[in-house]
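**Student:** output the structure for:
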Amino acid sequence: MDRAGEALEAFQNTLAREPNHARAANNIGILLQLRKQYTDAIASYRMAVASDPNYSAALYNLGTALHESGEAAEAVNTFRALLKKEPNHAAAWTNLGNAWLAHNDIAAANACYLETLRLAPDEPAAEWNLGIAALLAGEFSDGWAGYERRFDVKGATPRRAFSQPVWRGESLEGRSLLLHAEQGLGDTIQFVRYAPEFAKRGAKVIVECQFGLISLLRSLPGVSEWVAAPAPEPGRSGPQPIDHLPATDFQLPFLSAPHVAQTTLDTIPSAEGYLHAPSAAVQRCSEWLGPRRDAIRAGLVWAGNPNHKNDRNRSIPVPHLEGLGSAVGVEWVNLQKGDAPPESMAMRDAAAVLADFADTAGLIANLDLVVSVDTSVAHLAGALGKPVWVLLPFAPDWRWMLDREDSPWYRSARLFRQRGPGAWPDLLREVAAELGRFKL
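**Tutor:** The predicted model follows:
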């Protein structure tokens, strides 16, 4: 009934009367985990398991909460304990694989996903995660195929109910193709590069994407029409409506484009850059910046969307930014919306000149370098061909792969990686040292 607060109170009342009520403790954990109150959720699950050591559901939920909170080693141990009791628990094998993937152990993760598929053939979560592991390893052919199962995973937003078919590589000559955004702003910026490629195949390309990006993306050639996606309605879940869209012969979600295009590491289109900042925004931001000092002009973004499922890993706590303070000869420009930076960094706040992504692109065009965590501004800088240093957590998103300092998606990018989970201070000291060697 979507009355989670009352449900939580009811379970807590039950637990107050019956302290060993394992199901009440488990349900409290579920509600707290949905709120991302992981410490309290984990404590509730532990209470449930202590009350009933054979309560497999609570042990499974404990493992998922440990994984989501970044406690990958404890998550591995928890799922192993469950699988000792129930070796045919397919979902536990999948989540054990996810916990191994958080260790960047692709081989161990894949072994778990394959065990899931032995127990439950065609299980979408296992096939999807096998795809993610392949993409992390740079094995794009297997990766794109597995990633197509993302719509079928439990809890995922299903495909939108288009009447026209998904484009699967048929001839586009004289046909029309709708490319539509399906995930975040950074995903749209990264994969809109395929629109000109498909236009070259003879298609009339129509793009539906987030309204805030259209003024920037209009610089991209080959797109016949831009359509703003409807803003998400509060409390609404499920796929976006389609009644505002023109009729086309085919449609394709953006993140399916590499699969249909059979993209390999060597055939990623426009890796040198494919977007251009509007000249008016470039001029306005140049005037705001004023005369150059004898310093590197570097933009900084230290946090992404707080609602992103992996935000606790990819965003940098503000106190850690002090590690960049040792960098000399840098004029910092704040590209971050929300939290203020440490006073010691004396950053210039660009909020007054940044109304949308076109303005942000105009400002980036006037900078020497962008330093950013894994968020939309990192993709924007790469798409503009601007030097960008991307600061990555120990277990990165699949698109950044493992064990490399460069990105085949953006030739102007340099990747800095944590050497262990949460190790931002060491990474930022490394960045500060490298800034001293940066050449204009």
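
**Student:** ok, then the element right after the helix or strand of the chain with the lowest mean pLDDT?
**Tutor:** Between all helices and strands in the chain, the lowest mean by mean pLDDT, DSSP states H and E belongs to helix 311-314, at a mean of 83. Using DSSP states H and E, the helix or strand that follows helix 311-314 towards the C-terminus is strand 330-334.

**Student:** partners of the helix or strand that that next one is followed by in the sheet?
**Tutor:** Next along the chain after strand 330-334, taking DSSP H and E as the criterion, comes strand 348-349. Sheet pairing of strand 348-349 (DSSP bridges) gives strand 330-334 (parallel).

**Student:** pull the CA atoms of the strand it pairs with into CSV?
**Tutor:** Written as CSV, here are the backbone C-alpha positions of strand 330-334 (Å, rounded to 0.1, in the frame of the first residue of the first chain):
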residue,chain,number,x,y,z
VAL,A,330,46.1,25.6,-10.4
GLU,A,331,43.2,28.0,-10.7
TRP,A,332,40.3,25.8,-9.6
VAL,A,333,36.8,26.3,-11.1
ASN,A,334,33.9,24.7,-9.3
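
**Student:** got the buried residues for that strand?
**Tutor:** For strand 330-334, the neighbour count (16 or more other C-beta atoms under 10 Å) marks 330-334 as buried. For the C-beta atoms, the positions are set from N, CA and C on the backbone; glycine is no exception.

**Student:** that one: how far from the chain's middle?
**Tutor:** Distance of strand 330-334 from its chain centroid, counting by C-alpha atoms, centre = their mean, to the nearest Å, is 25 Å.

**Student:** stretch 331-339 too?
**Tutor:** 20 Å.

**Student:** measure that stretch end to end?
**Tutor:** Taking C-alpha to C-alpha, to the nearest Å as the measure, stretch 331-339 stretches 19 Å from start to finish.

**Student:** stretch 255-271 too?
**Tutor:** 16 Å.

**Student:** just stretch 11-26 next, same as before
**Tutor:** 9 Å.

**Student:** and the average pLDDT for it is what?
**Tutor:** Here stretch 11-26 scores 96 as its mean pLDDT.

**Student:** what lies in contact with it?
**Tutor:** The contact list for stretch 11-26 (C-beta atoms under 8 Å, 6 or more residues apart in numbering) reads 27-28, 31, 44-45, 47-49, 51-52, 55, 57-58, 61.

**Student:** how about the buried residues of strand 330-334 in JSON lines, adding distance to residue 191?
**Tutor:** As requested, these are exported to JSON lines (distance: C-beta to C-beta, whole Å):
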{"residue": "330", "distance to residue 191": "32"}
{"residue": "331", "distance to residue 191": "33"}
{"residue": "332", "distance to residue 191": "30"}
{"residue": "333", "distance to residue 191": "27"}
{"residue": "334", "distance to residue 191": "28"}
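
**Student:** looking at those, which one is closest to residue 212?
**Tutor:** Closest approach to residue 212 among those (C-beta to C-beta): residue 334, at 19.2 Å.

**Student:** how far away is that closest one from residue 370?
**Tutor:** Applying C-beta to C-beta, to the nearest Å, one obtains 12 Å for the distance of residue 334 from residue 370.

**Student:** and for these two, which residues touch both?
**Tutor:** Applying C-beta under 8 Å, 6+ apart, one finds that residue 334 and residue 370 are jointly contacted by 299-300.

**Student:** please identify the buried residues of the strand or helix carrying residue 80?
**Tutor:** Per DSSP H and E: residue 80 is located in helix 72-85. By neighbour count with 16+ other C-beta under 10 Å, helix 72-85 contains the buried residues 72, 74-76, 78-79, 82-83.

**Student:** follow-up on the earlier one: which among the contacts of stretch 11-26 count as buried?
**Tutor:** For the contacts of stretch 11-26, buried by 16+ other C-beta under 10 Å: 27-28, 31, 44-45, 47-49, 51-52, 55, 57-58, 61.

**Student:** most widely separated two among those residues?
**Tutor:** Maximum pairwise distance among these (C-beta to C-beta): 18.7 Å, between 31 and 52.

**Student:** surely residue 371 is in a strand?
**Tutor:** Yes. Under DSSP: H, G, I helix; E, B strand; the rest coil, residue 371 falls within a strand.

**Student:** please compute how far stretch 79-89 lies from its chain's middle.
**Tutor:** For stretch 79-89, the distance to the chain centre is 30 Å (C-alpha atoms, centre = their mean).

**Student:** only alpha carbons, please: show stretch 138-156 as PDB.
**Tutor:** The C-alpha coordinates for stretch 138-156 follow below in PDB (Å, rounded to 0.1, in the frame of the first residue of the first chain):
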ATOM      1  CA  GLY A 138      37.100  -5.300 -22.800                       C
ATOM      2  CA  GLU A 139      35.400  -8.400 -24.300                       C
ATOM      3  CA  PHE A 140      32.800  -6.400 -26.200                       C
ATOM      4  CA  SER A 141      31.200  -9.000 -28.300                       C
ATOM      5  CA  ASP A 142      30.000 -11.100 -25.400                       C
ATOM      6  CA  GLY A 143      29.500  -8.000 -23.300                       C
ATOM      7  CA  TRP A 144      27.000  -6.300 -25.500                       C
ATOM      8  CA  ALA A 145      24.900  -9.500 -25.900                       C
ATOM      9  CA  GLY A 146      24.700 -10.000 -22.200                       C
ATOM     10  CA  TYR A 147      24.000  -6.400 -21.500                       C
ATOM     11  CA  GLU A 148      20.800  -6.700 -23.600                       C
ATOM     12  CA  ARG A 149      19.200  -8.700 -20.700                       C
ATOM     13  CA  ARG A 150      19.100  -5.500 -18.600                       C
ATOM     14  CA  PHE A 151      15.400  -5.000 -19.300                       C
ATOM     15  CA  ASP A 152      14.500  -8.500 -18.100                       C
ATOM     16  CA  VAL A 153      16.200  -8.300 -14.600                       C
ATOM     17  CA  LYS A 154      13.800  -8.300 -11.700                       C
ATOM     18  CA  GLY A 155      13.100  -4.700 -10.600                       C
ATOM     19  CA  ALA A 156      14.400  -3.200 -13.900                       C
END
